[in-house]
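Novice: Below: sequence and its predicted model.
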Amino acid sequence: MPGSVSAGKDWIKNRLSTATDVCRVLDLGPGGGTYSKLFRKLYPDAEWVAIEAWAPYVKEFDLRSHYNRVIVGDARHIDYGPLGSFDICFCGDILEHMPESDARNLIDQLLNRCRLLFMSVPIGHFPQGEVGGNEFEVHVVDNYTEERIRELYPEIVDGTIGTSGRWTVGAFALTRNPHIASRISKLREAA
């Protein structure tokens, strides 16, 4: 579904406080533009780039008004080299739409280009078929657990599990940057 549940969004906003000097933000699978709508005001001068696999969403959700640049393509097959580096990357509810190995490869590519990455993933059994003819909406993996997510992504430095309606969602912060990891750790310890 092109929307996003509220679970984990306040937690992400709190962790965003550890990101300083943000000039570039990457949003993979923006759907309706949730992350731009929620967090762009925190970084109004940053360049926001979206990669959306389903071209009709660009017009349907007026994504060009929420992002400086919108690229239509499958995030797994994008050449990230010409895009350069990013300070923050959002992978909101996209990893369940691809095989685990593809998701792991994508996150690995992104962590080489992003200082701080946030991902949200449905936790538990949540099958989903295509939505409105969009085959990218199919849940390829529909039974993630928090344990499996942490096993697949050892770069997780913090995370939370929340519920919104019938959905249980895991929100996680990942980084390979030791300074950001330390700031997130201090924030977690203070909570």
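Specialist: Received it, and whenever you're ready, just let me know what you need.
Novice: separation between Asn177 and Glu137?
Specialist: Separation of Asn177 from Glu137 (CB to CB, to the nearest Å): 32 Å. C-beta: built from backbone N, CA, C; applies to glycine.
Novice: who's more crowded, these two?
Specialist: Glu137 (18 against 15; other CB atoms under 10 Å).
Novice: so what pLDDT did the nearest residue in space to the more buried one that is not next to it in sequence get?
Specialist: In this structure, Glu137 finds its nearest non-sequential neighbour in Val131, 4.0 Å apart by CB to CB, 6 or more residues apart in numbering. For Val131, the pLDDT comes out at 72.
Novice: didn't Val131 look like it was pressed against Tyr57?
Specialist: No - with contact defined as CB atoms under 8 Å, Val131 does not count as touching Tyr57 (10.6 Å).
Novice: wait, is Met119 part of a strand?
Specialist: Yes - the assignment for Met119 is a strand, going by DSSP: H, G, I helix; E, B strand; the rest coil.
Novice: Tell me how many other residues surround Asn143.
Specialist: Asn143: 13 surrounding residues under other CB under 10 Å.
Novice: Does it touch Ile123 like I think?
Specialist: No - using CB under 8 Å, Asn143 makes no contact with Ile123, being 9.1 Å away.
Novice: how about the residue nearest the centre of the chain, what does it touch?
Specialist: By CA atoms, centre = their mean, the chain has its centre lying nearest to Cys91, at 1.6 Å. Residues near Cys91 by CB atoms under 8 Å, 6 or more residues apart in numbering: Leu28, Gly29, Leu106, Ile107, Leu110, Leu117, Phe118, Met119, Ser120.
Novice: Which of the helices or strands spans it?
Specialist: Assigned by DSSP states H and E, Cys91 belongs to strand 86-92.
Novice: In its sheet, which strands sit next to that strand, and in what direction?
Specialist: Applying DSSP bridges to the sheet, strand 86-92 is found paired with strand 24-28 (parallel), strand 114-122 (parallel).
Novice: Tell me which stretches of the chain form helices.
Specialist: Along the chain, counting by DSSP state H, helices occupy 9-16, 34-39, 56-60, 100-111, 146-152, 178-190.
Novice: Between the ones you listed, which one is closest to Ile78.
Specialist: helix 100-111 (8.7 Å; CB to CB).
Novice: just checking, what packs against the closest one?
Specialist: Applying 3 or more CB pairs under 8 Å, 6 or more residues apart in numbering; DSSP states H and E, we find helix 100-111 packed against strand 24-28, strand 86-92, strand 114-122, helix 146-152.
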